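Engineer: Predicted structure and sequence below. I'll ask about it afterward.
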Amino acid sequence: MALMNFTLSKYFTVERSSAGASKSISSSKLVSQAGRYPSSKSENKIKSLGIFQGEQNKQKYARRKLFDAPKAVKDYSAEHTAPSATEEQRWGYVIANAKFLLFEEEHLAELLRERKRMFNEKEREIDFFIVTEPAWLDALPEKIKSNLGRPAAAIVTTDLTWNTFMKLRLDCVHKGEFDAMMKDALASSDTVGEFKPPSTWTAPYNQYQQGWWKVFLPTK
């Protein structure tokens, strides 16, 4: 039997058959713009689209929370033990010509001062040192020694992750590792004097005072 429908008001639709029977239908079944109530097939489609859109919104919200949430910075230095005076340990180093490392590479002073301040604030034992003319220098391959120039200076540490960072930061240095007792790793065969300052100084700040590195030398 053919059905005919028409809208009586904003809220209800009357469905009339050819025999004249009629009944009211809630507007919740209406498609707002068409003025018709959907079939069960279209209802399922609308529901599935709604569920799909809801899931999409949940995923977007989850992704937003994931990227917006502050991420804790891993403290790699906490993984490394302090230097031991009684046990052999793995030591990392970067080594270069002393003039380049201690005089020309100006930002090194700030890097080491900031690291020392952080260690003091966290009450950690210092695990990095400047060693001038290291006693183990002669054990390096001849090619490396010839490229260094003398006198040489090294930054020696038990923090191998930080040692890699210093290699990347300073660039023009040789990086290596060895196993040794603390007294052998920090042994120095000579000191480094003052370097001749440049004839002209064009930077907008004063040059670092020579000898700044002495506070980072190993204590006797």
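Structural biologist: Received, thanks.

Engineer: For the helix or strand encompassing K116, name the packing helices and strands.
Structural biologist: Here K116 is covered by helix 107-121, with elements defined by DSSP states H and E. Applying 3 or more C-beta pairs under 8 Å, 6 or more residues apart in numbering; DSSP states H and E, one finds that helix 107-121 contacts strand 128-132, helix 160-170. For the C-beta atoms, the positions are set from N, CA and C on the backbone; glycine is no exception.

Engineer: could you turn it into PDB, dropping everything but the C-alphas?
Structural biologist: Extracted C-alpha coordinates of helix 107-121, given in PDB (Å, rounded to 0.1, in the frame of the first residue of the first chain):
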ATOM      1  CA  HIS A 107      82.400  29.300  25.000                       C
ATOM      2  CA  LEU A 108      84.100  26.400  26.600                       C
ATOM      3  CA  ALA A 109      84.500  28.400  29.800                       C
ATOM      4  CA  GLU A 110      80.800  29.000  30.000                       C
ATOM      5  CA  LEU A 111      79.900  25.400  29.300                       C
ATOM      6  CA  LEU A 112      82.100  24.100  32.100                       C
ATOM      7  CA  ARG A 113      81.000  26.800  34.500                       C
ATOM      8  CA  GLU A 114      77.300  26.100  33.900                       C
ATOM      9  CA  ARG A 115      77.900  22.300  34.400                       C
ATOM     10  CA  LYS A 116      79.900  22.800  37.600                       C
ATOM     11  CA  ARG A 117      77.100  25.100  38.900                       C
ATOM     12  CA  MET A 118      74.500  22.400  38.100                       C
ATOM     13  CA  PHE A 119      76.600  19.800  39.900                       C
ATOM     14  CA  ASN A 120      76.900  22.000  43.000                       C
ATOM     15  CA  GLU A 121      73.100  22.600  43.100                       C
END
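
Engineer: Now for the closest residue to F128 other than its chain neighbours: which residues touch it?
Structural biologist: Leaving aside its sequence neighbours, F128 sits nearest to T157 (C-beta to C-beta, 6 or more residues apart in numbering; 4.0 Å). Contacts for T157 (C-beta atoms under 8 Å, 6 or more residues apart in numbering) come out as W91, G92, Y93, D127, F128, F129, N163, M166.

Engineer: which of the residues you listed lies closest to W213?
Structural biologist: Using C-beta to C-beta, F129 comes nearest to W213 of these, at 10.1 Å.

Engineer: just for this protein, where's the confidence low?
Structural biologist: Scanning the chain for pLDDT under 70 picks out 1-80, 203-205, 220.

Engineer: Going along the chain, name the strands of it.
Structural biologist: 3-7, 12-17, 22-26, 89-97, 128-132, 152-157, 174-180 (DSSP state E).

Engineer: mind listing what's buried in stretch 165-175?
Structural biologist: M166, K167, L170, V173, H174 (16 or more other C-beta atoms under 10 Å).
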